[in-house]
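Student: Output the structure for:
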Amino acid sequence: MPFSSGDKAVIKNLYRFKKYSFLRILAEFLKINCNRESVGMLLTLILETCSTDQWHETGRLKHIRTEENMVTVDEMVSLLNHKGQKQT
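Tutor: Numbering: from 1, shown residues only. Here you go, the predicted structure:
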């Protein structure tokens, strides 16, 4: 269940500043019909990042196939093939 930004802020403040436990926060938010997994995931996110924003990507590029990289790989493969032919 997605929390509203207000709910996220309240949960973060209850957890960090008032030292509410997981079960106490869950009891407080049973009124809005949330489940254990969503509260647990949000608390894990707060614990690891000190933020309620979603996790960001690792920073690694998903697509690295550029024209320059393709040319470089082709040149390296041709050099390796050329060296392999001379040795045999």
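
Student: got the buried residues for the helix or strand in which residue 38 is found?
Tutor: For residue 38, the host element (DSSP states H and E) is helix 36-49. Residues of helix 36-49 classed as buried by neighbour count (16 or more other Cβ atoms under 10 Å): 39, 42-43, 45-46. Every C-beta, even on glycine, is put in place using the N, C-alpha and C of the backbone.

Student: And for stretch 13-22?
Tutor: For stretch 13-22, by 16+ other Cβ under 10 Å, it's 14-15, 20.

Student: ok, longest helix in this structure?
Tutor: Ranked by residue count under DSSP state H, the longest helix found in the chain is helix 67-87.

Student: tell me which residues in that helix are buried?
Tutor: Buried residues in helix 67-87, counting neighbours by 16+ other Cβ under 10 Å, are absent.

Student: Convert the C-alpha atoms of that helix to PDB, please.
Tutor: Extracted in PDB, the C-alpha atoms of helix 67-87 (Å, rounded to 0.1, in the frame of the first residue of the first chain):
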ATOM      1  CA  GLU A  67      29.100   3.800 -31.200                       C
ATOM      2  CA  GLU A  68      32.500   4.500 -29.700                       C
ATOM      3  CA  ASN A  69      32.300   1.500 -27.400                       C
ATOM      4  CA  MET A  70      31.200  -0.800 -30.300                       C
ATOM      5  CA  VAL A  71      34.100   0.400 -32.500                       C
ATOM      6  CA  THR A  72      36.600  -0.100 -29.600                       C
ATOM      7  CA  VAL A  73      35.300  -3.700 -29.000                       C
ATOM      8  CA  ASP A  74      35.500  -4.500 -32.700                       C
ATOM      9  CA  GLU A  75      39.100  -3.200 -32.800                       C
ATOM     10  CA  MET A  76      40.100  -5.300 -29.800                       C
ATOM     11  CA  VAL A  77      38.400  -8.400 -31.200                       C
ATOM     12  CA  SER A  78      40.200  -8.000 -34.500                       C
ATOM     13  CA  LEU A  79      43.600  -7.500 -32.800                       C
ATOM     14  CA  LEU A  80      43.000 -10.700 -30.700                       C
ATOM     15  CA  ASN A  81      42.000 -12.600 -33.800                       C
ATOM     16  CA  HIS A  82      45.100 -11.300 -35.700                       C
ATOM     17  CA  LYS A  83      47.500 -12.300 -32.900                       C
ATOM     18  CA  GLY A  84      45.900 -15.700 -32.700                       C
ATOM     19  CA  GLN A  85      46.400 -16.300 -36.400                       C
ATOM     20  CA  LYS A  86      50.100 -15.400 -36.200                       C
ATOM     21  CA  GLN A  87      50.900 -17.800 -33.400                       C
END
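
Student: Perfect, I'm done here.
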